[in-house]
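Engineer: got a sequence here, can you model it:
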Amino acid sequence: MSDEPDFPPPPLEEQERMVEAMLFASAQPVSLRDLSDRLPHGADAAEAVARLRRRYEGRGIELARVGETFAFRTAPDLSFLMQTETVETRRLSRAATETLAIIAYHQPVTRAEIEEIRGVATSRGTLDQLIELEWVKIGRRRMTPGRPVTFVVTDGFLDHFGLETARDLPGLSELRAAGLLDNRPPSSLSVPLVRDEEDDDIADEGRPGDLFGEEEET
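Structural biologist: Below is the predicted model:
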């Protein structure tokens, strides 16, 4: 015999209202599992979220997916209404922007692989800074000698840049069209490693274009 009470789940309309209330009250995106844990027994959190997303289509706010979580967000085409002149911007070092872009496009990636792509050694402070910003986290260890840790981007990174998943990152052709990449071939990866600059200034968190730093000077 099941210990769960033998009551039918609430109607879908009521489940939808419950999910709406929980998402509205939460300061952070909420996963389906968390929603299911709070809903009455037998409720369908996934269906309630799907109905809610449809109901908010075309409105001033929308129910956005952030990785495996969901949150209410201002409709992208109305974001200009929320801007104020008091917004403080902070700037990432060039090393941090390049490291963040490499992790986003190559995740899961080890520190050695980041250094191979950049052609310079990556300082511990650069990775610590990105982790502190909650844009990068430690992933699974590689099943290779030494079992090095890998790095991946977080749901916070996806949320900040308006992405559902890392697969929504722009492709190379889009980056070049936006002027974020030039058409020169990448420099050789066989150059000797040099010490990374210890420039750990916190970054401009505002624009997706800030992910892509300029070419490192030699």
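Engineer: which of the helices or strands spans Ala95?
Structural biologist: helix 94-106 (DSSP states H and E).
Engineer: in that helix, which residues are buried?
Structural biologist: When burial is assessed from 16 or more other CB atoms under 10 Å, helix 94-106 yields the following buried residues: 94-105. In this view, the C-beta of every residue, glycine as well, is placed from N, C-alpha and C.
Engineer: ok, now stretch 104-123?
Structural biologist: Neighbour-count burial for stretch 104-123 flags 104-105, 108-111, 113-115, 117-120, 122-123 (criterion: 16+ other CB under 10 Å).
Engineer: do the same with stretch 131-142
Structural biologist: For stretch 131-142, using 16+ other CB under 10 Å, the buried residues are 133, 135-137, 139, 142.
Engineer: could you list which of the buried residues of stretch 104-123 belong to strands?
Structural biologist: Taking DSSP state E as the definition of strands, those contribute 109-110.
Engineer: before we move on, back to that, any idea how far the helix holding Ala95 is from the chain center?
Structural biologist: From the chain centre to the centre of helix 94-106 is a distance of 13 Å (CA atoms, centre = their mean, to the nearest Å).
Engineer: tell me the mean pLDDT over that helix?
Structural biologist: Across helix 94-106, the average pLDDT comes to 87.
Engineer: what packs against it?
Structural biologist: When contacts are defined as 3 or more CB pairs under 8 Å, 6 or more residues apart in numbering; DSSP states H and E, helix 94-106 packs onto helix 111-118, helix 124-132, strand 149-153.
Engineer: what is the nearest of the buried residues of helix 94-106 to Thr69?
Structural biologist: Nearest to Thr69, judged by CB to CB, of the buried residues of helix 94-106 is Ala104 at 18.1 Å.
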